[in-house]
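Student: Pasting the sequence and the predicted coordinates here, then a few questions.
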Protein chains: 2
Amino acid sequence: MTTDDDQLLALDSQLCFAIYTANRAVTARYRPLLAKLGLTYPQYLVMLVLWQADREGERVRVSDIGQRLRLDTGTLTPLLKRLEGAALVERRRDSRDERVVSIVLTARGRELRKRALAIPEQLMCSSGIDPQRLGALREELRSLLAELDRVDGSSAE
Amino acid sequence: MTTDDDQLLALDSQLCFAIYTANRAVTARYRPLLAKLGLTYPQYLVMLVLWQADREGERVRVSDIGQRLRLDTGTLTPLLKRLEGAALVERRRDSRDERVVSIVLTARGRELRKRALAIPEQLMCSSGIDPQRLGALREELRSLLAELDRVDGSSAE
DNA sequence: TGCTTAAATATTGTGCGCAATATAATTGTG
DNA sequence: CACAATTATATTGCGCACAATATTTAAGCA
């Protein structure tokens, strides 16, 4: 009922709010650049998965993307249909297992990678922030995520 | 076209992806706890703003919440209507300036704070992560945000 | 083989975020 | 005072996220 409580529920003392706000601010930085490629930010992430697998000669199923980005089909199915509508990918039912849908890049989708290469450097680098510090921040976030994965959230919380 | 490029577009080397994923993982932790209070995560943030202002005896307009959370009316108006539907707040047109809508807590909305107090400690603390490290991470994110605010994003990016 | 169970994707519905536009009230200016 | 410009909020539309459920196909088993 005192200052302790006030501090406990203060926005600025909460990590979640810092992550929430930083996430939207960073995404907002990407938006105009990605718009030039005709992509939203989540679509860009899917393309990153596809480009990476393409270089490694790996086949990509919907569930592979879901696992990598931690997204379910409720998000991915319509998103992939939009990418297909933009002629960046094709969705193919696997003939061996008709449940599986493989996502393959079109020539256009593969081409787009070249233009995407310019994005990472343009963003953070030109923002004049120490790259080393950004790398450290990224690793801290990854370790937070790993810790959240490790500890079951459904107990006593 | 070589390993450098691969690394540049690799998901795991991008800060944005780490923030994106951490944000959703943290929000997912809050979800079951907030569900008990009948709140979504953004609604919880709005309530934090309102509780804080309430204790400081300050009047809160829609635009105040928007400024604090960096959200526009396209997000806030329907959200606030839902909070009003849940009888947690009232929306009142200011009689002096009819453009302004003030958001005031109902008794029920003020009461809810007591139950919300349990949330912050339950979450991160019980996840067994070093609080000092979480605080440092939070400050790094805040400084990233401040840097993004400082540097105009519309130039050369 | 028939039947149950599991797996992969799709669909539906709700609630954000955000861009673009609209509406209404106030302020500033001649 | 009239009227253009500004301010505060609302509305519309699109694309995520995510829960819940449905559909289709494959595997396992008596």
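Tutor: Sure, I can see it. Numbering: from 1, shown residues only, chains lettered A, B, ... in the order given.

Student: low pLDDT regions in chain A?
Tutor: Scanning chain A with the threshold set as pLDDT under 70 gives A:1-3, A:124-126, A:152-157.

Student: what's near enough to touch the closest residue to residue A:34 other than its chain neighbours?
Tutor: With sequence-adjacent residues excluded and distances taken as Cβ to Cβ, 6 or more residues apart in numbering or on different chains, residue A:34 is closest to residue A:44, at 5.3 Å. Backbone N, C-alpha and C define where each C-beta goes, glycine included. Counting by Cβ atoms under 8 Å, 6 or more residues apart in numbering or on different chains, residue A:44 touches A:30, A:34, A:37, A:116.

Student: Tell me the spacing between the last one and DNA strand D.
Tutor: When you say that, I think you mean residue A:116. Relative to DNA strand D, residue A:116 is positioned 15 Å away (Cβ to the nearest atom of the strand, to the nearest Å).

Student: right, and that residue touches residue B:5 too?
Tutor: No: if you go by Cβ atoms under 8 Å, residue A:116 and residue B:5 don't touch, sitting 10.1 Å apart.

Student: quick one: which of these two has more around it?
Tutor: residue A:116 (18 against 14; other Cβ atoms under 10 Å in any protein chain shown).

Student: Contacts for the one helix or strand residue A:141 maps to next, please.
Tutor: Secondary structure from DSSP states H and E places residue A:141 in helix A:131-150. Helix A:131-150 is contacted from outside by A:19, A:124-125, B:12-15, B:18-19, B:21-22, B:25-26, B:29, B:127-129, B:133-134, B:136-137, B:140-141, B:144, using Cβ under 8 Å, 6+ apart.

Student: got the buried residues for that helix?
Tutor: Neighbour-count burial for helix A:131-150, with 16 or more other Cβ atoms under 10 Å in any protein chain shown as criterion, is recorded at A:134, A:137, A:138, A:140, A:141, A:142, A:144, A:145, A:147, A:148.

Student: Next: stretch A:77-91.
Tutor: Neighbour-count burial for stretch A:77-91 flags A:79, A:80, A:83, A:86, A:88, A:89 (criterion: 16+ other Cβ under 10 Å).

Student: of all the residues you listed, which comes closest to residue B:98?
Tutor: Ranked by distance to residue B:98 (Cβ to Cβ), these are led by residue A:79 at 42.3 Å.

Student: so that closest one is in which element?
Tutor: helix A:73-85.

Student: for chain A, what spans make up the strands?
Tutor: Ranges of strands in chain A, per DSSP state E, are A:89-93, A:101-105.

Student: If you rank the contacts of residue A:44 by neighbours, which is first?
Tutor: Counting by other Cβ under 10 Å, top hit in the contacts of residue A:44: residue A:30 with 20 neighbours.

Student: Tell me how far that one lies from residue A:42.
Tutor: 11 Å (Cβ to Cβ, to the nearest Å).

Student: OK, contacts around the residue in chain A positioned nearest to DNA strand C?
Tutor: Closest contact between chain A and DNA strand C, by Cβ to the nearest atom of the strand, is at residue A:63 (2.9 Å). Shown in contact with residue A:63 (Cβ under 8 Å, 6+ apart): residue A:100.

Student: Ok, residue A:79 next?
Tutor: Listed by Cβ under 8 Å, 6+ apart, the contact set of residue A:79 reads A:42, A:43, A:46.

Student: For the first one, which non-adjacent residue is spatially closest?
Tutor: By the measure of Cβ to Cβ, 6+ apart, the closest residue to residue A:42 outside its immediate chain neighbours is residue A:79, 6.2 Å from it.

Student: All the helices of chain A, in order from the start?
Tutor: A:3-8, A:15-37, A:41-55, A:62-69, A:73-85, A:107-116, A:118-123, A:131-150 (DSSP state H).
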